[in-house]
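> Just a sequence and a predicted model for now, questions to come.
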Amino acid sequence: MNIETDEIERVYRNAECLYSQQQVEEALESMAADIEQAIGESNPLIVCVMTGGMVAASELFMRMPFPAQLDYLHATRYQGTSGGTELKWIAPPVQPLQGRTVLVIDDILDEGLTLAAILEYCQQQQAAAVFSAVLVEKLHQRKAPGLQADFVGLHVDDRYVFGYGMDYHGYLRNARGIYAVTKT
């Protein structure tokens, strides 16, 4: 799907701001404090889920006042527009997970199929403990059975959202707030 930049600009102009930059920053501060309390003394390995989780992981990582290693993985069901059924592994973490406390950070928990598969992978790699953090969780009943993020920054209704790493057709990840697409 090829989208013109004028359409992207129109979507951004007409979007509803659900959370301002300040509100997102406050949520990140709160998440970082909760993460520090839960795993700060365990020499954790922070694993960013690319590409959407890059912003949240970076923002959280810079707020972690304890020793931690940073790595990434790239696994996706999204091929530009919407999710598919098959998980595609592009890059596994470089650091060994065996015996480590692992914190997987992603941008959003929607249905959670990708996150569930990633958490299962970490457990299969014999991580000592596996935690998950998402900046945004959508409020609906379609989540993978039993899946719940350990650390959640903000909640949104079941809408198409973008900003702080979440995209609109590959664009607007850099929006400084959480926005919902409106119908115009």
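Perfect, thanks for sending it.

> Which other helices and strands does the helix or strand hosting D107 contact?
For D107, the element it lies in under DSSP states H and E is strand 101-109. Packing partners of strand 101-109 (3 or more CB pairs under 8 Å, 6 or more residues apart in numbering; DSSP states H and E): helix 21-39, strand 45-49, helix 53-61, helix 113-124, strand 129-139. Where C-beta positions appear, they are placed from N, C-alpha and C, glycine not excepted.

> A149: which of the ones you listed is closest?
strand 129-139 (4.6 Å; CB to CB).

> how far off helix 113-124 does that closest one point, in degrees?
Between strand 129-139 and helix 113-124, the angle comes out at 170 degrees (axes from the mean of the first three to the mean of the last three CA atoms, to 10 degrees).

> and strand 129-139, average pLDDT?
For strand 129-139, mean pLDDT rounds to 98.

> partners of it, with directions?
Applying DSSP bridges, strand 129-139 is found paired with strand 101-109 (parallel), strand 151-157 (parallel).

> Could you single out the most deeply buried of these?
With neighbours defined as mean count of other CB atoms under 10 Å, the strands paired with strand 129-139 peak in mean count at strand 101-109, which reaches a mean of 25.

> what separates that one from the chain centre, distance-wise?
Remark: strand 101-109 is offset 6 Å from the chain centroid, using CA atoms, centre = their mean, to the nearest Å.

> just stretch 145-154 next, same as before
Taking CA atoms, centre = their mean, one finds the center of stretch 145-154 at 11 Å from the center of the full chain.

> Next, the distance between the ends of it.
Counting by CA to CA, to the nearest Å, you get 21 Å between the two ends of stretch 145-154.

> Quick check: mean pLDDT of it?
Stretch 145-154 comes out at a mean pLDDT of 96.

> now do stretch 49-57
When pLDDT is averaged along stretch 49-57, the result is 96.

> What distance do you get for N43 to F61?
Distance from N43 to F61, counting by CB to CB, to the nearest Å: 15 Å.

> Look at these two and report which has more neighbours.
Higher neighbour count among N43 and F61: F61, with 16 against 12, using other CB atoms under 10 Å.

> Report the contact partners of that one.
Contact analysis of F61 by CB atoms under 8 Å, 6 or more residues apart in numbering lists I46, A68, L70.

> Just give the closest residue to D110, not the sequence neighbours.
K138 (4.9 Å; CB to CB, 6 or more residues apart in numbering).
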